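>>> Next comes the sequence, and after it the predicted model I'd like to discuss.
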Amino acid sequence: MVQGERTEWNPPRRGKRFDLQWRIWYRMVSETEWHSGMTENISFSGALIHSKASTVPATPVVVVIALPSTPSNPRSCLVGEGRVVRTITPASQAEGSAFAVAVNRYQLDRSGRVLSTITS
């Protein structure tokens, strides 16, 4: 590199996606009721979610993704905040709907408190 020359790092627009079908609960920030669904795939920055409830792009959401159980963390989950970035219209009403969520902040809940609150 020549002294004084700047280089820019252009990360890929989308991160690597992992085909993981995990239980998820979500709610719009303005709601108190939780909706359930399943992830189709997950990346570092978000998830594609299938659910019976419909959503609207740009809506702020809270998501809770249940992680596989381990002996030391039987009810761990990821809790995130983000927004709906796109919706996918199903071929039929029976299929429910799908939407992509971009998550800008998340944390790991090892205690299971969040899942206990939602699923009780």
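Cool, got the structure. Please read all numbers here as calculations on a predicted model, not as lab measurements.
>>> Next, the contact list for residue 34, please.
If a contact means Cβ atoms under 8 Å, 6 or more residues apart in numbering, then residue 34 has 25, 26, 27, 64, 118 as its contacts. From N, CA and C alone the C-beta is placed, and that goes for glycine too.
>>> Please give the element, helix or strand, for the third one.
Taking DSSP states H and E as the criterion, residue 27 maps to strand 23-28.
>>> Please apply the same query to residue 41.
Counting by DSSP H and E, residue 41 is found in strand 35-43.
>>> again, but for residue 82
With DSSP H and E as the criterion, residue 82 is inside strand 77-88.
>>> Flag every buried residue along that strand.
Buried residues in strand 77-88, counted by 16 or more other Cβ atoms under 10 Å: 77, 78, 79, 80, 82, 83, 84.
>>> does residue 25 really touch residue 63, like I thought?
Yes: assessed by Cβ atoms under 8 Å, residue 25 is found in contact with residue 63 at 7.4 Å.
>>> Now do the helices in the chain.
All helices of the chain, identified by DSSP state H, fall at 113-119.
>>> What is the strand holding residue 27 packed up against?
Applying 3 or more Cβ pairs under 8 Å, 6 or more residues apart in numbering; DSSP states H and E, one finds that strand 23-28 contacts strand 35-43, strand 46-51, strand 60-66.
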